[in-house]
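**Student:** Let's see this in three dimensions:
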Amino acid sequence: MGASDRPVVLKADPAYRRRALLVYALGVPLALALFVLFRHWGLPMVVEHLRRSGDEALRLFKLIGIVSMALPLGACVYLFRLGRRIQISEQVPLPGAKVIRDTPVVSGPAARRLGTTIVVLSVVATLLVVVVAVRFARL
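**Tutor:** Numbers count the residues shown, from 1 in each chain. Okay, here's the model as predicted:
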């Protein structure tokens, strides 16, 4: 087995790893705290406001529900673009990407299949997001 038969491995970037772990270490507890606060105080206040306000509150609730679909829709667009870039480059991780651990590079038909899978799943997820937004509009 020659040197050219070995799989190509993209080496980890230690600075990028530290930054990713820092974002994770700060982001997860913050998200959890916000969730707990909303669940404990925010949600009961919203429900009470909806009970008191009637039709106006329902319209506001619909609007918030529809606008909140922008975040998952943005994620779907990102995933679609990522899948297309993988299909075009025929490589995962993408050329020039930084990784947090040593990662074997997948190339050729296997990378194209992965890119196609990501594209298809992003389109399906986009359709689901649109269906949820339509359901909010019809409340």
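
**Student:** Where does the record place the domain boundaries for the chain?
**Tutor:** The record's domain split for the chain, according to automatic domain parsing, is 12-53, 56-139.

**Student:** how about those, which one is nearest Arg6?
**Tutor:** When the domains of the chain are compared by CB to CB, domain 56-139 sits nearest Arg6, at 10.1 Å. (Each C-beta comes from the backbone N, C-alpha and C, glycine too.)

**Student:** Packing partners of the lowest-mean-pLDDT helix or strand in the chain?
**Tutor:** Lowest by mean pLDDT, DSSP states H and E among the helices and strands of the chain is helix 43-53, with a mean of 82. When contacts are defined as 3 or more CB pairs under 8 Å, 6 or more residues apart in numbering; DSSP states H and E, helix 43-53 packs onto helix 55-67.

**Student:** residue ranges with poor pLDDT in this protein?
**Tutor:** Within the chain, the ranges that satisfy pLDDT under 70 run 1-5.

**Student:** what separates Glu90 from Ala97, distance-wise?
**Tutor:** Distance of Glu90 to Ala97, computed by CB to CB, to the nearest Å: 14 Å.

**Student:** so Val129 touches Leu71, yeah?
**Tutor:** No - using CB atoms under 8 Å, Val129 is not in contact with Leu71, being 9.3 Å away.

**Student:** So for the two, which residue has more residues nearby?
**Tutor:** With neighbours defined as other CB atoms under 10 Å, Val129 and Leu71 compare such that Val129 has more, 18 against 10.

**Student:** buried set for whichever strand or helix holds the more buried one?
**Tutor:** Using DSSP states H and E, the element containing Val129 is helix 109-137. Residues Ala111, Arg112, Leu114, Gly115, Ile118, Val119, Ser122, Ala125, Thr126, Val129, Ala133, Phe136 are the ones in helix 109-137 that count as buried (16 or more other CB atoms under 10 Å).

**Student:** so what's Leu94 up against?
**Tutor:** Residues near Leu94 by CB atoms under 8 Å, 6 or more residues apart in numbering: Arg85, Ile86.

**Student:** Which of the three states applies to it?
**Tutor:** coil (DSSP: H, G, I helix; E, B strand; the rest coil).
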